[in-house]
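Colleague: no sequence on this one, just coordinates:
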């Protein structure tokens, strides 16, 4: 076999072997159970990050995590000087996304983070305030919703409000009601409305 033909065969074999390789954790993994019309563009290659705010008890209210019915996990935490940070986990890639700021603020974290999920929709309640450590109410009350591949989040900020008491996700995951008096509504078709 001439050298040129042998080299071509070796290159062809290498290309075929590389094409059949397994997906590693740093590649873009499709989101398990995401809606068929949305492809997950997330890169899963990170470890789970935790809040850098001190807390003497366990578990810290500054870290929250939920598991979705399809096996994915979503974690949010407070980060000093950044705000509210999100990561999501792919059971297929067995890794987390890099931390992404969902709401940026330099104001201190106030109270814990609440997460609710149903049918691929994740609802978040988080609060920030300059003097929360002194017992003052929050000055920035966050209601946030992530759906599908979790790469985009809808965020509503209510200023100088005592915080949302609860989030209720509808059975089909199409609507979320953030409860208090008054209420704030979110839907997949219209986003946030009310208040």
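Modeller: Sure, I can see it. For clarity, every value in this text was computed on a predicted model and none was experimentally measured.
Colleague: in this protein, what spans have low per-residue confidence?
Modeller: Scanning the chain for pLDDT under 70 picks out the ranges 1-39, 195.
Colleague: Going along the chain, name the strands of it.
Modeller: In the chain, the strands defined using DSSP state E lie at 44-46, 63-67, 73-79, 83-90, 95-97, 100-104, 109-118, 121-128, 140-147, 153-159, 166-169, 175-179, 184-187, 191-194.
Colleague: Could you find the closest non-adjacent residue to residue 107?
Modeller: residue 128 (4.1 Å; CB to CB, 6 or more residues apart in numbering). Yep, even glycine has a C-beta here, placed from its N, CA and C like the rest.
Colleague: let me redo that: residue 91
Modeller: The shortest distance from residue 91 to any non-neighbouring residue, by CB to CB, 6+ apart, is to residue 71 (4.1 Å).
Colleague: I'd say that neighbour and residue 94 touch.
Modeller: No. With contact defined as CB atoms under 8 Å, residue 71 does not reach residue 94; the gap is 10.8 Å.
Colleague: ok, now which ones touch the residue nearest to residue 50 when sequence neighbours are not counted?
Modeller: Nearest residue to residue 50, sequence neighbours excluded (CB to CB, 6+ apart): residue 63, at 5.3 Å. Residues near residue 63 by CB atoms under 8 Å, 6 or more residues apart in numbering: 50-51, 75-77, 113.
Colleague: Closest one of these to residue 43?
Modeller: residue 75 (16.2 Å; CB to CB).
Colleague: That closest one: how many residues sit nearby?
Modeller: 21 (other CB atoms under 10 Å).
Colleague: Same check on residue 53?
Modeller: Residue 53 has 15 nearby residues by other CB under 10 Å.
Colleague: Please apply the same query to residue 181.
Modeller: Around residue 181 there are 6 residues (other CB under 10 Å).
Colleague: Sounds good, over and out.
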